[in-house]
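J.: need coordinates for the below:
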Amino acid sequence: MFHIITLFLQLLGKNNKKDFKLSIFWNFIKSFGLGLQLLAILIVMKAIANNSLDKNIAIQSFIVMLCSIIITYVAVFYGRIYDVKSSFNMCADKRRDIGNKLRYLPMGYFSKNSVGHITAVATNTLDLLQNVGSMVVMNSVSGIINATVLLAFITVFDYRMGLVIVVTLGLFSALSFLTRRKGNKVAPKKFESDNRLVSSVIQYLQGLSVIRSFNLIKDANSILKSDIKACENFSIKTELKLIPFIALQNLSIFLGSFMMVVSAIFLHLIGEMEVSMTITMLIASFMMFTEIQNAGLLSSLISLVRVGMAEVKAVVESESMVENDVNGHMDSYDISAKNITFSYDKKTILKDVSFDLKQGTTTAIVGPSGGGKSTICNLIPRFWDVDSGTLKIGGINVKDYKVDHLLSNISMVFQNVYLFNDTIANNIKFAKPEATMDQVISVAKKACAHDFIMKLEKGYDTIVGEGGYNISGGEKQRISIARAMIKDANIIILDEATANVDPENEMLLQKAIKELTQNKTVIMIAHRLSTVRNADKILVVEDGQITENGTHEELMKNKKTYEKFINMRRLSVGWKLGVK
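T.: A predicted model of the protein is given here:
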């Protein structure tokens, strides 16, 4: 129990820990108020037993009881406020911490940890800690405090009753330990089952268009239903395994209350306890064991809370990319690689690759699928780190830059564009939140996006939907290019940036990209002949190695892979459907 409280305090953080401690303090005050109730009852009972109940004693008892009620009410009020405040703020902080942490994790982390798992931790797990976790920990702490304070009052009144309670507490603690131990065995599997379900739901939603296109709705539904049913069955099995232990805990509480009642009556019958004290102890037995029951009521959930805290801690404390403190202005934007090697899941992707890209030049990377083109582009902004060799920008190893500073100098346009569920204007301004609408419109015009945006009912205020599902692929591509333009970074990486653009807009977009890339270092993965031939340098990447390096004219004379690639592109562009 104390281990769980310690973990919870660590998770709370400095500011929230203060609120949690204040909540504990008010719970202690509440316990004192409950103790005063016993004192008020004892005063009245003694007076009745001695036949001396008068106005003064009634007023004394009333004052003590009134103080007890006021103290308890105020303590419960403030205790709950600080409890809720600490738990809600903790979860808000942890979600921000997870978001910030994900920015600095190598992409390999996302290969080992599914989106479903990360989503489950940031949503389900933190919801559990926010609502159930806080309640479990606070109920347990409150129950312990209340039981301890009431035990102290009862022991002062009659030490023999205190001994009965101590024995009961020992039995209850032993059964609670067994419940937690059983919970420790099933809790990780329960989280695994929940994470599997979240992953299944995400996969179903993301693949819905494919599922519908192949008319596999029934099959996909059956898989999702199967995962839901499996999670349901596991949850039921978990509860059934814990119910016997919970029942024994409750039985020990009822047994303790019964023993306290029997002991009080027995002591009274043999003349060892006054009737006033006997009645007080009978009332105290219900108060005391209700508090113990509150402490143990949610003990079966402690294991789930413990695993949940471990899950959140594992994500927040994941090892970030190593970075040094280079954070100033880059002297140049030359990019150079020397003997870099990179492997993914023990499969070598790049082998001993070297190149030099001068500032202000455009480099096209071409080659067969799976050759390593995208990997080179992902190594430059440190989405991955090289296994060996060095990759430098401006003569400085990319690992020496602060990650934020490195990324602030790079704009990327991916083939698979992701837009946020926000307005078109905000999606463009994502790279530069302080940008004015005039700047947004300016870059949208350069990216050939302004005309189609103005045809929409709400123009730049149009909500594109999650992932940009409300607009076409080519339109998303142009918004993405506008977003890169407004950032105005000195290094631009284009991964098939014009792949989804229709022919009539391609020439305009090429001009816009040319304007965007003036005096900048540009790296582009491209297959369009018009894009490739105008590059200052072309890298041909095959099987993880650079097999050719030069201009379009130089590589065409070599009559190797590049020349074959260009000829195939010419054939595919010139191919027409014959009509007899």
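J.: remind me what the host helix or strand of residue 374 packs against, helices and strands.
T.: Secondary structure from DSSP states H and E places residue 374 in helix 373-379. Applying 3 or more Cβ pairs under 8 Å, 6 or more residues apart in numbering; DSSP states H and E, we find helix 373-379 packed against strand 335-344, strand 347-357, strand 362-366, strand 491-495, strand 521-525, strand 537-542. Using the backbone N, CA and C atoms, a C-beta is placed for each residue, glycine as well.
J.: show me the contact partners of it.
T.: Outside helix 373-379, the residues within contact range by Cβ atoms under 8 Å, 6 or more residues apart in numbering are 107, 337, 340, 342, 344, 349-350, 353, 365-367, 384-386, 391, 398, 412, 493, 495, 523, 525, 539, 541.
J.: just checking, what packs against the next helix or strand after that helix?
T.: Note on helix 373-379: by DSSP H and E, the next helix or strand toward the C-terminus is strand 388-393. Applying 3+ Cβ pairs under 8 Å, 6+ apart, we find strand 388-393 packed against strand 335-344, strand 347-357.
J.: what's the spacing between the closest residue to residue 400 other than its chain neighbours and residue 403?
T.: Distances taken as Cβ to Cβ, 6 or more residues apart in numbering put residue 324 closest to residue 400, at 4.2 Å, once the chain neighbours are dropped. The gap separating residue 324 from residue 403 is 10 Å, by Cβ to Cβ, to the nearest Å.
J.: between the two, who's got more neighbours?
T.: Set residue 324 next to residue 403 and count neighbours by other Cβ atoms under 10 Å: residue 403 wins out with 17 against 11.
J.: circling back to that earlier point, wasn't the residue nearest to residue 400 part of a helix?
T.: No. Per DSSP: H, G, I helix; E, B strand; the rest coil, residue 324 lies outside any helix segment and is coil.
J.: pLDDT score for it?
T.: Per-residue confidence (pLDDT) for residue 324: 72.
J.: so where's the stretch 251-400 of the chain uncertain?
T.: The stretch 251-400 of the chain contains residues with pLDDT under 70 at 291-301, 303, 328-329.
J.: so residue 53 makes contact with residue 43?
T.: No. Here residue 53 does not reach residue 43: they are 9.5 Å apart, not a contact under Cβ atoms under 8 Å.
J.: over to stretch 389-406 now: how far is its first residue from its last?
T.: 19 Å (Cα to Cα, to the nearest Å).
J.: how about that stretch: buried residues?
T.: By neighbour count with 16 or more other Cβ atoms under 10 Å, stretch 389-406 contains the buried residues 389, 391, 392, 393, 394, 398, 399, 401, 403, 406.
J.: now the fifth one. Its backbone dihedrals?
T.: To tie it back to what came earlier, the one meant is residue 394. phi 60, psi 30 (degrees, to the nearest 10).
J.: is it true that it touches residue 333?
T.: Yes. The pair residue 394 / residue 333 is scored as a contact, 6.1 Å apart, by Cβ under 8 Å.
J.: the nearest residue to residue 552 once chain neighbours are set aside and residue 68: what is the separation?
T.: In space, and not counting its chain neighbours, residue 552 is closest to residue 533: 4.3 Å by Cβ to Cβ, 6+ apart. From residue 533 across to residue 68, the span is 89 Å (Cβ to Cβ).
J.: give the residue from the two that has the larger number of neighbours.
T.: Per other Cβ under 10 Å, whichever of residue 533 and residue 68 has more neighbours is residue 68, with 21 against 16.
J.: where does the stretch 101-250 of the chain have low pLDDT?
T.: The stretch 101-250 of the chain contains residues with pLDDT under 70 at 108, 111-115, 206, 208-220.
J.: now do the stretch 401-550 of the chain
T.: 497-509, 511-512, 515, 528-530.
J.: please enumerate the helices of it.
T.: 403-408, 424-429, 437-446, 450-455, 473-487, 503-516, 529-532 (DSSP state H, counting those that start in this stretch).
J.: repeat for the stretch 51-200 of the chain
T.: All helices of the stretch 51-200 of the chain, identified by DSSP H, counting those that start in this stretch, fall at 55-103, 108-112, 115-120, 126-127, 134-157, 159-206.
J.: please work out which of the ones you listed is packed deepest.
T.: Compared across the helices of the stretch 51-200 of the chain, helix 134-157 shows the largest average neighbour count, a mean of 21 (mean count of other Cβ atoms under 10 Å).
J.: so what's the gap between it and the chain middle?
T.: Helix 134-157 sits 34 Å away from the centroid of its parent chain (Cα atoms, centre = their mean, to the nearest Å).
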